[in-house]
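A.B. asks: Fold the following.
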Amino acid sequence: MAIAIEEMSARTADAKYVEKAKSLPSLIVSADSHVDEPITLWDSMPANLREQLPQLMSYPPDKRPQGGLDPKQRLLDMDRDGVAAEVLYPTVTLRAFATKKEVQEPAFRLYNDWLAEYCATAPKRLFGVPCLAVYDIDVAIKELHRCLDMGLIGGLIWQVPHPDLPILSGHYEKLWAAAAEAGAVMNFHILSGFNYKVGPTAKGMEKIRGSVNIKTQDAVTTVYDLIWSGVFNRHPKLKVEIVESEIGWLPFVIQQWDYYYKRFSKPGPAQEKFEIDRLPSEIFSEHFYATFMDDFVGAQALKYWGDKNCMWSSDYPHANMTWPNSRTFLAKQIGDLDPARQKSLLSQNVIDLYKLKL
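C.D. replies: Residues are numbered from 1 along each chain as shown. Below you'll find the predicted structure:
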C-alpha cells in the first residue's frame with residue numbers, strides 16, 4: 001500500500017537534497033493540509049438538501065493515505081514526514097461553497113462539528129479551520145464564535161463569492177469586525193465558491209487555463225478587492241490568509257499596484273480618489289499571509305520578499321502533496337535561505353498568526 005501511495009505523489013526524494021534537508025529547522029508546520037470527510041457526514045440532512053451537495057467519497061487504501069479520515073493514522077504519517085502540526089481545510093466540502101444558503105448552512109455546521117472532533121484527537125498538533133456560510137452575516141458570526149469555542153481556528157469563506165455578494169460590498173463589514181475583535185483569521189482557499197470548477201469539467205487547454213490563469217486571477221481579485229476597498233483602514237486588526245494559490249505572482253502584482261497608486265495619487269489632472277492612504281505593499285505586509293507548496297519561482301523571491309508573510313504547506317493527503325518527502329522537497333525550494341528565514345516560513349509565521357500552542 002505504501003509503495004502505491006508514494007508513487008502517486010508528484011514529489012519523490014531527490015538524493016542530492018537528502019543531505020541538505022538535514023540542515024532544515026527541526027520544527028515544521030504545514031499551513032495548509034486537508035481532511036477527507038466521511039461519506040456519512042451529511043446523512044442527517046433532509047434528502048432534498050443533501051442531493052444538492054457534492055458527493056462525498058471513500059478512497060481505497062492503495063489510492064490515498066487514510067489519515068485524511070483517520071486522525072490517528074494522520075499522526076503516524078506526520079511523524080514519518082517530520083511534520084509537527086498541521087492547519088486543516090476541507091476537501092469535498094470546499095465545493096459546497098457553491099450551494100444555496102439553505103443547503104450550505106446546515107452542511108457547514110455538520111462539517112465543523114466533525115472537524116472539531118477530528119482535531120480533538122491531538123489538539124496541539126491538529127488545527128482545523130471551520131467553514132462559514134456568509135449569505136447571512138449574522139449567522140456566519142454566530143457560527144464563527146461557536147467554532148472558536150470548540151477549539152477551531154480562523155474562518156474559511158468563499159474565495160469566489162456569489163455574484164450578488166461581491167467582496168467589495170458592505171455585506172461583509174460586520175464579519176470583518178467580528179473576526180478582528182476575536183483575533184480570528186479570515187481564510188480564502190482556492191476552489192471555494194463560484195469558481196471555474198463549477199459547471200462542466202474542462203478538457204485540454206481549457207483545463208490548464210482554469211488551473212493556472214483563472215485560479216491565479218481569482219486570488220489576485222480577492223487580494224485586490226480587500227486592499228483597495230479600504231477594509232483594513234476600517235478594521236486594522238484583521239488578518240487574512242490566501243490559501244493554496246502559491247506566491248510567485250504576489251511580488252510582481254503588488255509592485256504594479258504600488259506603481260499605479262503612486263502615479264495616480266499625485267496632485268494633478270490624473271489624480272484619483274482611493275479608499276486607501278498608503279501603499280498596497282504596506283497593507284499586504286501588515287495584514288496578509290499566503291501559503292506555498294510547489295513554487296520554485298516564489299521560493300527564490302523569498303530571499304528578499306515575503307518571509308514574514310508566507311507559510312509552507314504540504315497539501316496532505318491530496319495527490320499534489322509533498323508527503324512523505326516534505327523535508328527533501330523543501331530543501332529544493334528553500335534550502336539555500338538563511339536559517340532565520342527558514343524558521344519563519346516553516347513554522348513561526350503560522351504559529352504567530354494563529355497563536356498556536358504546539
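
A.B. asks: hang on, isn't Leu56 packed against Val35?
C.D. replies: No: with contact defined as Cβ atoms under 8 Å, Leu56 does not count as touching Val35 (11.6 Å). C-betas here are computed from N, CA, C, even on glycine.

A.B. asks: So for those two, which residue has more residues nearby?
C.D. replies: Here Leu56 and Val35 are compared on neighbour count by other Cβ atoms under 10 Å; more neighbours surround Val35, at 27 against 17.

A.B. asks: and the more buried one, how far is that from Ala177?
C.D. replies: Separation of Val35 from Ala177 (Cβ to Cβ, to the nearest Å) stands at 29 Å.

A.B. asks: Leu41 too?
C.D. replies: Distance, Leu41 to Ala177, by Cβ to Cβ: 31 Å.

A.B. asks: Please apply the same query to Ala21.
C.D. replies: 43 Å.

A.B. asks: repeat for Pro161
C.D. replies: Using Cβ to Cβ, Pro161 is found at 18 Å from Ala177.

A.B. asks: which residues of the stretch 201-350 of the chain fall in strands?
C.D. replies: 240-243, 288-292, 310-312 (DSSP state E, counting those that start in this stretch).

A.B. asks: Out of those strands, which is the most enclosed?
C.D. replies: When you average the neighbours per residue for each of the strands of the stretch 201-350 of the chain (mean count of other Cβ atoms under 10 Å), strand 310-312 leads with a mean of 27.

A.B. asks: Describe which strands that strand pairs with in its sheet and in which direction.
C.D. replies: strand 288-292 (parallel) (DSSP bridges).

A.B. asks: Contacts for the partner strand next, please.
C.D. replies: 31-32, 185, 223, 239-247, 250, 298-299, 306, 309-313, 333, 349-350, 353 (Cβ atoms under 8 Å, 6 or more residues apart in numbering).

A.B. asks: Swap in 7 Å and give it another go.
C.D. replies: Residues from elsewhere that reach strand 288-292 (Cβ atoms under 7 Å, 6 or more residues apart in numbering): 31-32, 223, 239-247, 250, 298-299, 309-313, 349, 353.

A.B. asks: Retrieve the pLDDT associated with the nearest residue to His162 once chain neighbours are set aside.
C.D. replies: Ranked by Cβ to Cβ, 6 or more residues apart in numbering and with sequence neighbours excluded, the top spatial neighbour of His162 is Phe194, at 6.0 Å. pLDDT, Phe194: 96.

A.B. asks: again, but for Glu6
C.D. replies: pLDDT at Glu6 comes out at 49.

A.B. asks: What distance do you get for Pro123 to Lys174?
C.D. replies: Pro123 sits 29 Å away from Lys174, going by Cβ to Cβ.
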